[in-house]
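# test case, fold it:
(chains A and B)
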Amino acid sequence: MDNETIGSTLDQVADLLEIEGASVFRVRAYRGAARTVSALASPVSTLPDKGPGSLEELPGIGKDLAGKIRELAETGELALLHELKSRTPESLIHLLELPGLGPKRAKAIHEGLGIDTIEELEKAAREGRLRALKGVGPKLEAQILEGIAARAARGKRISLAEAEAQVEPIVARLREVVGVSQIEVAGSYRRRRDNVGDVDILVAADASVAIGKKLISDPATDKVLADGDTKTSVLLKSGLQVDLRVVPASSFGAAMHYFTGSKAHNIAIRTLGVRRKLKISEWGVFQEDKRLSGEREEDVFASVGLAWVPPELREDRGEIDAAREGKLPKLVERADLRGDFVGGNLDADGIAAIASACAAKGAAWLVVLGATRHDVERAQKHAGKVKLFAGAVVPIGADGSIGTSEDVDVVIGEIHAADLDEKSLTQALVAAAKSGRIHVLARPSNGGKPKQFDVEAVAKVCREHGVLLGLDARPAFLAGADGYARAVKDTGARIAITSRAANADEAAHIRFGFDQARRGWCEAKDVANTLSAEAFETLLARR
DNA sequence: GCCGTTTTCGGCCCGACTGTTTTCAGTCG
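Model (predicted):
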């Protein structure tokens, strides 16, 4: 069973436990494990049984959960889940997806009314039977019906690129409101997750400033979900939910920290606060009701003895220990960009256009995929100072054999292996990396869905043979790229971020690759795109 | 179910909002 499925199975267990009324801490443990396993770059089966790197060593996973995860990985089944399903109908899990319905009410609905499915729930709500339950009145009943009607559109996450395109113009309009001193987008958007579920905009201003009204009247707004003094929520016409929160400037740092999350990171930070007898909230850092700080985000970290942590790292994946020990990575920055891999049947004019757009972003070299040395030589005259390399993408066979290509400077090996299992895929990639015929090993993907393989094992071979590991920066190919980058970095190998842009607009997508590399703790030295043209050429020759 | 600068047992983040209540439980982020 692959890691993602193991994660969602553990989430199901958590849902059912929650409905049963199990300890919230036990539920949290399962959710934490689900998150941790889903984010692993390599399949659970490739982890060592004991000692460093084993399941038990992962934060929040102890003996019991490690056993359950192994059970799932090896057999695809989980005895506990069967047991839970025998007591509580599985279909109740779907009730939790409705706004206003949590575990307690789902349980009450099941036990009090004998309702197990959304269809039964809808019927009962229409007939006004739900309000027979304690704590449920007409408003909740209406909300549930509305939730059922809108459930297809809810909970859908969109790519970061799409979210940027929708949110940036809105933020620009909100920024114009008089009395707004600071405005930032927080949440997973600020952490640069490859997909976002909703968008949190944080504003420093007096509560009296009419910024909520401005959002409500924004041309992109479709529907108002909440409209209070400090919080306004709307649904955009696209279906994206935007939450706007107004805080005083004195709390802006604490609020930024809080609303940036992640939830797991916040819990970890607050737990550190508790040990120091501090209370940390979105309003600031408090000691016995006395407010100590909160104007700047750094204040929150400093209050628990930590250095400021870049948002991309705030996933409770070791950043807190690193911040305490002064071992945070100096993350690669977009300004470090020196080169990219572009392509897509470009003619000399197209190459020149991309070269000039990339040069404006700091590029000193470009690998042009699908171009011959002759094409590149001709285009070089119009490419200014940007050094061009001819590149080719060649197929890797299921046995690791490398296909043929034109005589080019840079060869990217790409495996098309929808049907290969983890082990065969790993073997093929290792063989390709050892072949001495490729410079970059593309990340295996099945139409944007990453294929699982033993990243550590492959990256180790790549490091030994001077092969770069590709990270496709196109928005549809970013899933799991952060964990992949982290695994590559940890083995000491280097990644190569490839925009594969066919035009200047697409070349700007390289930033999404940088985002994921940052989420993967990569420093400039871990990313080949930061090399000067000379250093990149040397690297090509050395392989 | 996890975990240890209080701890191997007894804790486990914090606040806002909502709808239903006459003091609070449930949900959400």
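
# where does the stretch 301-450 of chain A have low pLDDT?
In the predicted model of the stretch 301-450 of chain A, no residue satisfies pLDDT under 70.

# cool, and chain A?
Checking chain A against pLDDT under 70 turns up A:152-155, A:207-209, A:542-543.

# biggest helix in it by residues?
helix A:3-20 (DSSP state H).

# which parts of it are buried?
For helix A:3-20, a neighbour-count test (16 or more other CB atoms under 10 Å) marks A:3-4, A:6-7, A:9-19 as buried. Placement of C-beta: from N, CA and C, glycine included.

# any residue of that helix touching DNA strand B?
No: using CB under 7 Å from any atom of the strand, helix A:3-20 stays clear of DNA strand B, coming no nearer than 8.1 Å.

# could you say what helices and strands that helix packs with?
Judged by 3 or more CB pairs under 8 Å, 6 or more residues apart in numbering; DSSP states H and E, the packing partners of helix A:3-20 are helix A:24-39, helix A:63-75, helix A:79-87, helix A:92-95, helix A:103-113.

# most tightly surrounded among the ones you listed?
helix A:92-95 (a mean of 21; mean count of other CB atoms under 10 Å).

# what are the contacting residues of that one?
Helix A:92-95 is touched from outside by A:12, A:15-16, A:19, A:101, A:105-107, A:109-110, A:116-118, A:121, with contacts defined as CB atoms under 8 Å, 6 or more residues apart in numbering.

# tell me the contacts of the nearest residue to residue A:467 once chain neighbours are set aside?
Sequence neighbours aside, residue A:433 is the residue nearest to residue A:467 in space, at 4.8 Å (criterion: CB to CB, 6 or more residues apart in numbering). Counting by CB under 8 Å, 6+ apart, residue A:433 makes contact with A:441, A:458, A:461-462, A:465, A:467.

# just the ones of the residues you listed in helices?
Among the contacts of residue A:433, DSSP H puts A:458, A:461-462, A:465 in helices.

# so residue A:408, which of the three states?
Classification of residue A:408 using DSSP: H, G, I helix; E, B strand; the rest coil returns coil.

# how many residues are close by it?
22 (other CB atoms under 10 Å).

# kindly provide the distance from it to residue A:442.
15 Å (CB to CB, to the nearest Å).

# surely residue A:465 meets residue A:431?
No: with contacts defined as CB atoms under 8 Å, residue A:465 does not count as touching residue A:431, sitting 11.1 Å away.

# next one: the host helix or strand of residue A:516 to chain centre, how far?
Secondary structure assignment for residue A:516, by DSSP states H and E: helix A:510-519. On the basis of CA atoms, centre = their mean, to the nearest Å, helix A:510-519 sits 10 Å off its chain's mean C-alpha point.

# next: stretch A:446-465.
So, by CA atoms, centre = their mean, the centroid of stretch A:446-465 is 19 Å from its chain's centroid.

# then stretch A:273-283?
27 Å.

# any idea which residue sits dead centre in chain A?
residue A:193 (3.0 Å; CA atoms, centre = their mean).

# which SS class is that one?
Classification of residue A:193 using three-state DSSP returns coil.

# gap between the nearest residue to residue A:429 once chain neighbours are set aside and residue A:159?
Excluding the flanking residues, the one nearest residue A:429 by CB to CB, 6+ apart is residue A:458, at 4.6 Å. According to CB to CB, residue A:458 stands 26 Å off from residue A:159.

# the more surrounded of those two?
Taking neighbours as other CB under 10 Å, residue A:458 and residue A:159 compare with residue A:458 leading, 28 against 18.

# with that, I have no additional questions.
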